[in-house]
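let me see the structure of the following:
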Amino acid sequence: MTKKILVSQPKPQTEKSPYFDVAERCGVEMVFRPFIRVDSMPARDFRQQKVSILDHTAIVFTSRHGIDHFFNLCKELRITIPEDMKYFCKSELVSLYIQKYVQYRKRKVFYPTSGKMSDLVPIMVKHKTEKYFVPQSSAHDDELKNMFDAAKLNHTEAVMYYTVSNDFGPDEPFDYDMLVFFSPEGIHSLLKNFPNFQQGDIAIACLGDKTIKEAEKYNLRVDMQPTPELRSVPAIIEDYIKKHK
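Residues are numbered from 1 along each chain as shown. From the prediction side, this is the model:
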């Protein structure tokens, strides 16, 4: 029976989160504890990549982390972003976050309604003359680069923040019946903290194809993932609990 669930994300800032609704309906304890954390990159480390942001006419953002660290690092580097800079974002949610740093003008912000990078590429192709700059985490793969190369886009990737394991303390309990992961890095952190981890009866939920593949790569059993009928993580958690009472 599921009693205690570790959700590897920061605790929701509002009490109206569906996670809390599920916890109340199902009588379980939800613990929010990120397996990874995002650290800033010092300006000196960025300069070593020998990339000039102002040589580009458009920025590609895949996450709100990317936006925060891009603008904060630009400030540290004393780079003033031109008003005519264009922004291409993975989703509307990501695009709206830009308002935190610059005046939001729809004519210079672009995103796909699906929230998928594969659907952003055709939009970028329509603006083929742009020189794209792509801020990335230290924990990235070549998927974006290969996607943009295939579309023959003029682009430059650069690391602007570090994604690192958020280690467990020696006295921190690990007595969970369910673990919820949102990225491959979360899987890596679990195995770094607990190299002899045995899944046994612990249920695992994963969001995203990459996270699922990474879990299976290390012979972890993925018990839950979103489906067309159950699209959100709280929904799949509740469905699993009800089926396994």
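
starting at the chain centroid, how far to the longest helix anywhere in the chain?
As assigned by DSSP state H, the longest helix anywhere in the chain is helix 64-77. Centre-to-centre, helix 64-77 and its host chain are 16 Å apart (CA atoms, centre = their mean, to the nearest Å).

please save the CA atoms from the helix or strand following that helix in CSV.
Note on helix 64-77: by DSSP states H and E, the next helix or strand toward the C-terminus is strand 86-89. What follows is strand 86-89, C-alpha atoms only, in CSV (Å, rounded to 0.1, in the frame of the first residue of the first chain):
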residue,chain,number,x,y,z
LYS,A,86,13.5,37.9,-31.0
TYR,A,87,12.6,35.0,-28.6
PHE,A,88,11.6,31.5,-29.7
CYS,A,89,10.2,29.4,-26.8
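
for this protein, which segments count as helices?
18-26, 43-47, 64-77, 92-97, 117-125, 143-150, 184-193, 209-217, 233-243.

so of those, which one's packed in deepest?
helix 184-193 (a mean of 20; mean count of other CB atoms under 10 Å). Where you see a C-beta, it was placed from the backbone N, CA and C, and this is true even at glycine.

which strands or helices does it pack on?
strand 36-40, strand 154-165, strand 178-181, helix 209-217 (3 or more CB pairs under 8 Å, 6 or more residues apart in numbering; DSSP states H and E).

a markdown table for the ones you listed, including distance to residue 231 and mean pLDDT?
Output for the helices and strands packed on helix 184-193, formatted as a markdown table (distance: least, CB to CB, whole Å; pLDDT from 0 to 100):
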| stretch | distance to residue 231 | mean pLDDT |
| --- | --- | --- |
| strand 36-40 | 24 | 88 |
| strand 154-165 | 26 | 92 |
| strand 178-181 | 15 | 96 |
| helix 209-217 | 15 | 93 |
